[in-house]
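**Q** let me see the structure of the following:
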Amino acid sequence: MNTSSSTSLTYTPSPNEASIYEYLFSIAAENKSVVLGSDAVPLVATSKVPIPVLKQLWIMADSQKANALSKQDFFVLIRLIQLFQNQEKPVPNNNDLRFVVSGKTQDQLKPPYFEGITTTQQQQQQ
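**A** Have a look, this model is predicted:
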């Protein structure tokens with residue numbers, strides 16, 4: 001994935017995913033408009049994604065390079081975590097993370113998983 005370009009990665013959750021992404025943002029942001037790195041750690045660490053990978057994903061999502069993610073940047077981070085958990089890769093040279101190499105749609109992937117956090121979608125899959 002090309003992260004050296006000045007163009008930011010983007011991700012808009014599908015209607016089925018929107019509530020999950022909003023819920024996760026509300027947990028991490030704690031009533032703020034951005035998520036600081038220190039505020040994100042307790043949540044993202046429960047994703048079971050290795051810490052070195054999480055650090056790389058954070059760097060990729062942090063469009064302002066301020067160690068703080070806007071809601072849109074946070075959605076990019078969660079999408080990158082979701083792709084890693086699903087063993088998927090974004091389409092190269094495309095900054096829109098809706099598109100993955102396998103061709104699966106957003107709703108064909110398992111939702112992002114965070115241990116101890118239950119979303120409506122995860123309850124339906126059980």
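**Q** number of residues surrounding the closest residue to residue 86 other than its chain neighbours?
**A** Leaving aside its sequence neighbours, residue 86 sits nearest to residue 109 (C-beta to C-beta, 6 or more residues apart in numbering; 4.8 Å). To be clear about C-beta, it is placed using only N, CA and C from the backbone, and glycine gets the same treatment. The tally of other residues near residue 109 (other C-beta atoms under 10 Å) stands at 19.
**Q** same check, this time on residue 30
**A** With neighbours defined by other C-beta under 10 Å, the count for residue 30 comes to 9.
**Q** now do the contacts for the residue nearest to residue 86.
**A** Each residue near residue 109 by C-beta atoms under 8 Å, 6 or more residues apart in numbering is listed here: 82-83, 86, 88, 100.
**Q** could those residues go into TSV alongside secondary structure?
**A** TSV is the format used below for the contacts of residue 109 (DSSP: H, G, I helix; E, B strand; the rest coil):
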residue	secondary structure
82	helix
83	helix
86	coil
88	coil
100	strand
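**Q** hang on, residue 40 packs against residue 58?
**A** Yes - with contact defined as C-beta atoms under 8 Å, residue 40 reaches residue 58; the gap is 7.3 Å.
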